[in-house]
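Visitor: below: sequence and its predicted model.
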Amino acid sequence: MTTTDLLQSPRRPLDRILLIGASRGLGLALADEWSRLGREVVATVRGTDRTPLHDLADRDDRSIEIETVDITAPEQIAALHERLSDRTFDLVFVNAGVTNSPEGTVAETTDEEFARVMITNALSPLRVVETLADLVEPDGTIGVMSSGQGSVTNNVHGGHEVYRGSKAALNTYMRSYAARHGDEKRSLVLMAPGWVQTDLGGTDARLTVDESIPNVVRTIDALAGTPGLRYVDYLGRTVPW
């Protein structure tokens, strides 16, 4: 059955969601969409400052609980696991990520900036997945926000080299995770949301949040209950590795 076929088949909603990285941008939009659909959402922010997520959670028609974690701090991931250890989720989705600044080639990038992007975008999401996996239902879903720029096959124009490399590394590490857990029933999703108008994507991006995020949610829902790893875009189309 293809991903397109799956999108035509109604699936059990993912009712209990743990969303990592939701203070702004795509993460905030995901929290908004899932809570609007009546899902129970535990969403994380990195620090103690008030964010737009707090404003969203204060609305009477939403079921959003806020937790704090910096995914680049392993001890904070472990502490989050401890706080949530008596709960289970249908979906854990890791959205947190950064872009590199200033833009430039790999050779032009400082060691510190290269390490920051790779640790945040590739290493830390896998630490989250490994640490929190036992909170996911045996037939639940683990998702990670990737990017179409993580596709090695589609990299025919170059540019955004460090960011591209971090997402390609993320994809490879998730593929290794899937290989090590091949006997499990969980759905594993690498999501490419498209080029979206956020602080990270910029105002020139092709898609609005409203054009991307509802489709991201629909695609993740459609893949629920289908074991194995898929690298797909917001419309459910397979992205070449």
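Guide: Happy to help now that I have it.

Visitor: tell me which element Glu113 falls in.
Guide: Assigned by DSSP states H and E, Glu113 belongs to helix 111-118.

Visitor: give me the buried positions along stretch 187-202.
Guide: Buried positions in stretch 187-202, judged by neighbour count with 16 or more other CB atoms under 10 Å: 187-198, 200-201. For glycine as for every other residue, the C-beta is placed from the backbone atoms N, C-alpha and C.

Visitor: quick check, nearest of those residues to Ser124?
Guide: Of all these, the one with the least separation from Ser124 (CB to CB) is Leu190, at 15.4 Å.

Visitor: quote the end-to-end distance of stretch 194-206.
Guide: Start and end residues of stretch 194-206 are separated by 8 Å (CA to CA, to the nearest Å).

Visitor: give me the contacts around the longest helix along the chain.
Guide: Assignment by DSSP state H gives helix 161-180 as the longest helix of the chain. Residues outside helix 161-180 that contact it (CB atoms under 8 Å, 6 or more residues apart in numbering) are 97, 99-100, 104-106, 109, 113-114, 117-118, 120-123, 125-126, 129-130, 144, 146-147, 149-152, 155, 188, 190, 228-229, 231, 241.

Visitor: give me the angle between it and helix 111-118.
Guide: Here helix 161-180 runs at an angle of 40 degrees relative to helix 111-118 (axes from the mean of the first three to the mean of the last three CA atoms, to 10 degrees).

Visitor: give me the below-cutoff pLDDT ranges for the protein.
Guide: Scanning the chain for pLDDT under 70 picks out 1-12, 199-202.

Visitor: give the partner strands of the longest strand seen in it in its sheet and their orientations.
Guide: If you go by DSSP state E, the chain has its longest strand at strand 136-145. Strand 136-145 pairs in its sheet with strand 89-94 (parallel), strand 187-192 (parallel), by DSSP bridges.

Visitor: can you give me the strands for this protein?
Guide: 16-20, 40-45, 64-68, 89-94, 136-145, 187-192, 228-233.

Visitor: mind listing residues that contact the second one?
Guide: Here strand 40-45 makes contact (CB under 8 Å, 6+ apart) with 15-23, 27, 31, 34-35, 51, 53-54, 57, 62-69, 80, 84, 89, 96.

Visitor: how distant is that strand from the center of its chain?
Guide: Between the centre of strand 40-45 and the centre of its host chain there is 13 Å, according to CA atoms, centre = their mean, to the nearest Å.

Visitor: and it, which strands flank it?
Guide: Sheet pairing here is set by DSSP bridges, and for strand 40-45 it gives strand 16-20 (parallel), strand 64-68 (parallel).

Visitor: hey, which of those is tucked in deepest?
Guide: strand 16-20 (a mean of 25; mean count of other CB atoms under 10 Å).

Visitor: His181 is nearest to which of the strands paired with strand 40-45?
Guide: strand 16-20 (18.1 Å).

Visitor: any idea how far that closest one is from the middle of the chain?
Guide: That offset, for strand 16-20, works out to 10 Å (CA atoms, centre = their mean).

Visitor: got the CA positions of that strand in PDB?
Guide: Only the C-alpha atoms of strand 16-20 are listed here, as PDB (Å, rounded to 0.1, in the frame of the first residue of the first chain):
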ATOM      1  CA  ARG A  16      -2.400  11.900  23.200                       C
ATOM      2  CA  ILE A  17       0.500  13.800  21.800                       C
ATOM      3  CA  LEU A  18       3.900  14.900  23.200                       C
ATOM      4  CA  LEU A  19       5.200  17.700  21.000                       C
ATOM      5  CA  ILE A  20       8.800  18.700  21.500                       C
END
